[in-house]
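Undergrad: okay, predicted coordinates and the sequence, questions at the end:
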Amino acid sequence: MSNKLAPSILAADFANLGNQVKAVVEAGADRIHIDVMDGHFVPNLSMGEPIVRSLRPVTKLPFEVHLMITNPDLFLEEFAAAGADTFIIHYEGNNNLHRTVQKAKLLGKKIGVAINPATPASLLETILPELDLVLIMTVNPGFGSQHFLPLTLPKITQVQAMLHHQSLHAEIEVDGGIDATTILMAHQAGATVFVAGTSIFKSPLGITRAMEQLSTSLTS
């Protein structure tokens, strides 16, 4: 399974958001990661459906919408209509995980489940056959610019083994503190999709060079 970069626009300059999305697309992004926070599930507020809708004409790349919100079922239809291609919902705090997964599928969207650093990977075993991806949070969700938590690395390897045991092919994605050093650590543990925000949009090297550096780390 090939490696993919998913720039997280949470770290972008919102006064120049469209151009920054164009920049990561031109630099080789594989998908755009959109963090939605409601101030309840995580202690922060971020963007909503209007941002997804306004960015949809900017690129044809897939939009993965990471719903760090309470009751994600209530918002799937509006985000789907706005242009989301993939939904990522959290294991934690979901009233009926299987129902939410099925609703996303009925909308014709790909679906992933995320787990926080303290959540055991083993809890995903039953739902794995329904998923297109598993997102291992490598920081506690809610804010950008956090430091990568090495304690999450064994969970990446564990999910990889669980998928292999069931002959499944869901992607393993990581999100949080991903930079030129930690991306290699996550890759060696078994991850194939890498969400990066601060290390791309706030890099002193600029977006293009920062993306190149991440890609180079994966092939070194």
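TA: Looks like it came in fine.
Undergrad: next SSE after the strand or helix carrying residue 19?
TA: Using DSSP states H and E, residue 19 sits in helix 17-26. Moving toward the C-terminus from helix 17-26, the next helix or strand (DSSP H and E) is strand 32-37.
Undergrad: helices or strands next to that next one in the packing?
TA: Using 3 or more Cβ pairs under 8 Å, 6 or more residues apart in numbering; DSSP states H and E as the contact test, the elements touching strand 32-37 are strand 4-7, helix 17-26, helix 49-55, strand 63-68. C-beta here means a position set from N, CA and C on the backbone, and glycine is covered the same way.
Undergrad: out of those, which is closest to residue 182?
TA: Among those, the nearest to residue 182 by Cβ to Cβ is strand 4-7 (13.5 Å).
Undergrad: now residue 55: closest residue in space that isn't a chain neighbour?
TA: Leaving aside its sequence neighbours, residue 55 sits nearest to residue 21 (Cβ to Cβ, 6 or more residues apart in numbering; 5.8 Å).
Undergrad: count of neighbours near the one you found?
TA: 20 (other Cβ atoms under 10 Å).
Undergrad: now do residue 125
TA: Neighbours of residue 125 (other Cβ under 10 Å): 13.
Undergrad: go ahead and confirm it touches residue 162.
TA: Yes. Residue 125 lies in contact with residue 162 (Cβ atoms under 8 Å); the separation is 6.0 Å.
Undergrad: alright, that wraps it up for me.
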